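**Student:** sequence below, structure please.
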Amino acid sequence: MSTNNIAPHEAQRDHDSVSIAAPTVHAPSDASRQVERQDGNPEDPPPRRPGMSDRQYSTHIYTLGRQHVRPLAGGLDTPEQAYLPTGGPELLPAEALVTIEPSSGPKWWNRLRHGVFSTYRRLWTLVLLGNLAALLYCIWLSTQDLDHISYSNVATAVATNLFVGTLMRHEHCVNFLFRIFVALPHWLPVSVRRLAAKIYCYGGIHSACGISGLAWYIYFLAILSLQVHHWTAALIAVATLAGVVVLLLTTMVITSHPFMRFKFHNQWEIMHRFFGWSCIGMIWAQIILIACANAYHYNGSVGHALLVTPAFWFLIAITALIIYPWLRLRRMTFSAEQLSSHAIRLWFNDSKRILPLTVGIRLSTSPMTETHAFATIPNADNAPGFSVLISNSGDWTKRIITNPPAYLWARGAYTVGVLRVAMLFKPIVIVATGSGIGPCLSFLQVHPDWPCRVVWSARFPEATYGRGVMESVFRADPNAVVIDTKKTGKPDLVGIVHSVYKELNAEAVAIISNPMATREVVFELETRSIPAFGAIFDS
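**Tutor:** Residues are numbered from 1 along each chain as shown. Predicted coordinates for the structure are as follows:
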């Protein structure tokens with residue numbers, strides 16, 4: 001095992017007889033006992049004991065690294081003394097550390113509570129059921145008296161859902177929600193702060209409003225066709241546009257299913273944007289045509305008909321929300337630091353602004369067709385400017401790494417990311433895999449003294465992401481656990497994080513990783529009553 005396998009803790013190994021203490025690790029004292037290493041190749045991982053699973057083996061490697069300390073290659077300041085903890089006279093085998101506490105309930109309940117009915121889906125269900133109840137009530141009223149609910153009233157319901165759905169994706173709304181919910185004091189119970197931290201699940205409201213808007217729009221088309229007895233040219237145009245809008249909205253809803261969104265993400269992004277704009281444009285045309293028809297029918301003015309139509313005001317707000325980010329489209333120059341063939345760091349030092357922690361920026365080479373969100377890493381020592389860490393995760397990022405352009409386009413305001421919820425907990429375990437260390441550094445650079453433990457799993461972490469990233473990690477957490485997966489294989493992230501959580505006596509865990517690892521870690525920890533938070537991947 002190389003010195004980067006688990007930094008800064010490089011195991012001094014006894015291939016046959018090393019025993020490791022239980023999860024709680026104490027600082028070395030005068031009573032610490034020295035451990036001598038037996039003969040063996042220091043570049044090889046410790047041997048797998050008979051019957052040891054892959055998950056146990058990875059935790060075994062982690063445990064050796066946590067208990068035996070040696071300086072990291074290159075001279076980072078780390079403890080030089082190899083030691084064993086002094087918490088008790090008996091030492092347990094490393095395998096014992098993989099025995100984490102059992103789930104707090106039966107499997108079926110945990111899958112229902114933390115899987116099917118996650119906070120995101122509970123918000124989604126709540127909004128959807130509220131709309132469904134109102135829709136069914138309106139349908140029932142229509143069966144009693146067809147003229148009891150007018151198509152203008154139904155249009156208001158459509159516009160309301162579209163407005164709320166658009167608002168929940170707007171940068172300033174998201175930032176405002178995080179500012180309010182993350183401002184809770186630390187003396188409040190963890191259970192209260194845990195609930196507030198779920199604010200990052202706001203996307204459930206957005207998706208539920210989109211589906212509800214479609215349902216109301218279908219009802220609008222039905223009411224329009226039943227209530228209109230004299231079809232003028234304006235109303236025929238309204239009905240025709242309504243049919244097209246229903247088709248576009250249905251396509252958007254179907255393609256927004258997670259399977260379709262991940263498999264065809266670039267196509268989905270283009271479709272979602274241009275279909276959405278088209279729908280808003282056609283709804284604008286419908287509102288104006290309905291106002292013209294009403295003005296003609298009641299001998300009034302079109303202006304007055306628009307002013308007394310609630311949907312008109314909602315559409316103004318929706319249009320403003322859509323246009324605003326494009327008014328802040330700007331070209332940004334940067335200097336590129338080639339970290340490796342897999343990663344690049346872009347330095348935006350021309351910016352005179354000192355960025356807050358854990359905010360993201362949307363970058364693009366072609367802003368009309370695709371944008372990519374990245375976490376900003378504020379410069380150290382409160383200096384102006386920031387950087388962005390990009391790893392090879394697709395065609396676009398590969399092009400940026402191999403051939404950095406002279407500039408990139410940025411759109412909209414800086415948006416708060418999920419890791420802002422770390423402000424609610426002291427201490428906290430911050431977990432990252434691969435380039436997920438970027439958003440974590442956004443927090444650690446601003447609050448290097450925050451009580452936390454960093455667990456970072458990556459392939460060749462120092463060679464891939466550079467010494468500067470490694471130094472930033474260890475500056476914030478000298479006892480950070482950095483795992484080189486090229487040497488150790490896929491680690492038991494749940495077991496390691498659980499062990500660190502107990503060792504640190506932390507209040508919560510936050511993870512920045514790929515969707516699969518994020519869901520696994522958050523689910524397994526939450527079923528053990530451990531507050532855990534990770535991105536939703538719903539956009």
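
**Student:** could you pick out the longest strand of this structure?
**Tutor:** Counting residues, the longest strand found in the chain (DSSP state E) is strand 407-416.

**Student:** strands paired with it, and their directions?
**Tutor:** Strand pairing for strand 407-416, using DSSP bridges, gives strand 330-333 (antiparallel), strand 359-364 (antiparallel).

**Student:** alpha carbons only: can I get the next helix or strand after the shortest one in PDB?
**Tutor:** The reference is to strand 330-333. With elements assigned by DSSP states H and E, the helix or strand that comes after strand 330-333 is strand 335-338. Written as PDB, here are the backbone C-alpha positions of strand 335-338 (Å, rounded to 0.1, in the frame of the first residue of the first chain):
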ATOM      1  CA  SER A 335      -6.600  30.100 -15.900                       C
ATOM      2  CA  ALA A 336      -6.600  26.300 -16.200                       C
ATOM      3  CA  GLU A 337      -4.500  24.100 -13.900                       C
ATOM      4  CA  GLN A 338      -4.100  20.700 -15.500                       C
END
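
**Student:** quick one: buried residues of strand 335-338?
**Tutor:** residue 336 (16 or more other CB atoms under 10 Å). Where you see a C-beta, it was placed from the backbone N, CA and C, and this is true even at glycine.

**Student:** swap in stretch 159-175?
**Tutor:** Buried residues in stretch 159-175, defined by neighbour count with 16+ other CB under 10 Å: 159-171, 173-175.

**Student:** pull the contacting residues for residue 210.
**Tutor:** Counting by CB atoms under 8 Å, 6 or more residues apart in numbering, residue 210 touches 161, 165, 249, 252-253, 256.

**Student:** which of the strands paired with strand 407-416 sits most buried?
**Tutor:** Among the strands paired with strand 407-416, the stretch with the highest mean neighbour count (mean count of other CB atoms under 10 Å) is strand 359-364, at a mean of 21.

**Student:** how much space separates residue 513 from residue 441?
**Tutor:** As judged by CB to CB, to the nearest Å, residue 513 and residue 441 stand 15 Å apart.

**Student:** which one of the two has more residues nearby?
**Tutor:** Ranked by neighbour count (other CB atoms under 10 Å), residue 513 and residue 441 place residue 441 first, with 29 against 21.

**Student:** so that one is in contact with residue 469, correct?
**Tutor:** Yes - Residue 441 is within contact range of residue 469, at 7.0 Å (criterion: CB atoms under 8 Å).

**Student:** who touches both of the two?
**Tutor:** Counting by CB under 8 Å, 6+ apart, the common neighbours of residue 441 and residue 469 are residue 389.

**Student:** which helix or strand contains residue 178?
**Tutor:** For residue 178, the enclosing helix or strand under DSSP H and E is helix 171-181.

**Student:** show me what that helix is packed up against.
**Tutor:** Under the contact definition 3 or more CB pairs under 8 Å, 6 or more residues apart in numbering; DSSP states H and E, helix 171-181 sits against strand 407-416.

**Student:** distance between the strand it packs on and the chain's centre?
**Tutor:** 17 Å (CA atoms, centre = their mean, to the nearest Å).

**Student:** for stretch 280-300, same thing?
**Tutor:** 41 Å.

**Student:** for that stretch, list the C-alpha coordinates in CSV.
**Tutor:** The C-alpha coordinates for stretch 280-300 follow below in CSV (Å, rounded to 0.1, in the frame of the first residue of the first chain):
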residue,chain,number,x,y,z
ILE,A,280,-45.4,29.5,-21.7
GLY,A,281,-45.5,31.4,-25.0
MET,A,282,-48.7,29.5,-26.1
ILE,A,283,-50.3,30.0,-22.7
TRP,A,284,-49.6,33.8,-23.1
ALA,A,285,-51.4,33.6,-26.5
GLN,A,286,-54.3,31.8,-24.9
ILE,A,287,-54.7,34.3,-22.1
ILE,A,288,-54.7,37.2,-24.5
LEU,A,289,-57.2,35.4,-26.9
ILE,A,290,-59.5,34.6,-23.9
ALA,A,291,-59.3,38.2,-22.8
CYS,A,292,-60.3,39.3,-26.4
ALA,A,293,-63.2,36.9,-26.4
ASN,A,294,-64.4,38.1,-23.0
ALA,A,295,-64.0,41.7,-24.0
TYR,A,296,-66.1,41.1,-27.2
HIS,A,297,-68.7,39.1,-25.3
TYR,A,298,-69.2,41.7,-22.5
ASN,A,299,-68.5,44.8,-24.6
GLY,A,300,-65.4,45.7,-22.5
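
**Student:** now what about it, what contacts it?
**Tutor:** With contact meaning CB under 8 Å, 6+ apart, stretch 280-300 is reached by 151-152, 155, 158-159, 162, 232, 234-235, 237-238, 241-242, 244-245, 301-302, 304-306, 309, 311-312, 315, 318-319, 322.

**Student:** same thing but 7 Å
**Tutor:** For stretch 280-300, contacts defined as CB atoms under 7 Å, 6 or more residues apart in numbering pick out 152, 232, 234-235, 237-238, 241-242, 244-245, 301-302, 305-306, 309, 311-312, 315, 318-319, 322.

**Student:** ok, stretch 216-230 next?
**Tutor:** The contact list for stretch 216-230, computed with CB under 7 Å, 6+ apart, reads 135, 139, 142, 146-147, 149-151, 154-155, 157-158, 161, 235, 238-239, 242-243, 245-246, 249.

**Student:** just the buried subset of these, please.
**Tutor:** The buried subset of the contacts of stretch 216-230 - by 16+ other CB under 10 Å - is 135, 142, 149, 151, 154-155, 157-158, 161, 235, 238, 242, 245-246, 249.

**Student:** now for residue 343: which residues touch it?
**Tutor:** Applying CB under 7 Å, 6+ apart to residue 343 gives the contacts 389-391, 401, 435, 464-465.

**Student:** reformat those as CSV; add secondary structure and distance to residue 279.
**Tutor:** CSV is the format used below for those (DSSP: H, G, I helix; E, B strand; the rest coil; distance: CB to CB, whole Å):
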residue, secondary structure, distance to residue 279
389, strand, 36
390, strand, 33
391, strand, 35
401, helix, 36
435, helix, 35
464, helix, 43
465, helix, 42
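
**Student:** redo these as JSON lines? Include pLDDT and neighbour count.
**Tutor:** Converted to JSON lines, the contacts of residue 343 look like this (pLDDT from 0 to 100; neighbours: other CB atoms under 10 Å):
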{"residue": "389", "pLDDT": "94", "neighbour count": "25"}
{"residue": "390", "pLDDT": "93", "neighbour count": "24"}
{"residue": "391", "pLDDT": "92", "neighbour count": "21"}
{"residue": "401", "pLDDT": "94", "neighbour count": "19"}
{"residue": "435", "pLDDT": "91", "neighbour count": "24"}
{"residue": "464", "pLDDT": "91", "neighbour count": "20"}
{"residue": "465", "pLDDT": "91", "neighbour count": "28"}
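
**Student:** ok, then the element right after the helix ranked longest in the chain?
**Tutor:** Longest helix of the chain, by residue count under DSSP state H: helix 265-298. Sequence-wise, the next helix or strand downstream of helix 265-298 (DSSP H and E) is helix 302-307.

**Student:** sorry, back to before: run through who's touching whichever helix or strand comes after the helix holding residue 178.
**Tutor:** Following helix 171-181 in sequence order, the next helix or strand is helix 190-197 (DSSP H and E). Here helix 190-197 makes contact (CB under 7 Å, 6+ apart) with 181, 184, 421, 424-425, 507-508, 531, 533.
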